[in-house]
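Peer 1: got a predicted structure plus its sequence, pasted below:
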Amino acid sequence: MTLELKKEPTLKDFQEYVLKMKQERGFNTTDKFYECCLFAEECGEVISAVRKNSKTGSIGSGSTVGNVAEELADVFIYLCSLANMHNIDLEQAFRDKEEKNKQRTWKRL
């Protein structure tokens, strides 16, 4: 099987691609808790990359500056995977949540 993402993919296309990619590579597609742990690890790597790329961020010897784009892509992959495992259409979930958010009163501190 050849994995290929459409030229102008929808969010649903990304979710389908992630599922096929994980199946093809033999990655987890059923253990929700394990996937959530991996998602959290990747979120931590985003934080680390952002810190290392900031003007005040420091890195120890032997450490490298993280690639924020790559770490965000990893988070996106795990987000799609978790949504797939829970049979959630991320686009619809976003639309539904945003409709609720539009009804809220937002306070700025």
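Peer 2: Sure, I can see it.

Peer 1: shaky segments in the protein?
Peer 2: When residues are selected by pLDDT under 70, those of the chain lie in 1, 57-65.

Peer 1: just checking, what packs against the lengthiest helix in it?
Peer 2: Longest helix of the chain, by residue count under DSSP state H: helix 32-53. The contact analysis (3 or more CB pairs under 8 Å, 6 or more residues apart in numbering; DSSP states H and E) places helix 32-53 against helix 68-85. In this view, the C-beta of every residue, glycine as well, is placed from N, C-alpha and C.

Peer 1: what helices and strands are in contact with the helix it packs on?
Peer 2: With contacts defined as 3+ CB pairs under 8 Å, 6+ apart, the packing partners of helix 68-85 are helix 11-25, helix 32-53, helix 90-102.

Peer 1: any chance of these in a markdown table, plus mean neighbour count?
Peer 2: Formatted as a markdown table, the helices and strands packed on helix 68-85 follow (neighbours: other CB atoms under 10 Å):
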| stretch | mean neighbour count |
| --- | --- |
| helix 11-25 | 15 |
| helix 32-53 | 15 |
| helix 90-102 | 11 |
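
Peer 1: gap between the residue nearest the centre of the chain and residue 100?
Peer 2: Most central in the chain under CA atoms, centre = their mean is residue 76, positioned 2.1 Å from the mean C-alpha point. As judged by CB to CB, to the nearest Å, residue 76 and residue 100 stand 23 Å apart.

Peer 1: give me every residue that touches the residue lying closest to residue 86 once chain neighbours are set aside.
Peer 2: Nearest non-adjacent residue to residue 86, counting by CB to CB, 6 or more residues apart in numbering: residue 32, 7.1 Å away. Shown in contact with residue 32 (CB atoms under 8 Å, 6 or more residues apart in numbering): 82, 85-86.

Peer 1: do residue 22 as well
Peer 2: Residue 22 is in contact with 28-29, 81, counting by CB under 8 Å, 6+ apart.

Peer 1: residue 35 versus that one, what's the distance?
Peer 2: Counting by CB to CB, the gap from residue 22 to residue 35 is 10 Å.

Peer 1: where do the contact lists of the two overlap?
Peer 2: Common neighbours of residue 22 and residue 35 are listed as 28, 81 (criterion: CB under 8 Å, 6+ apart).
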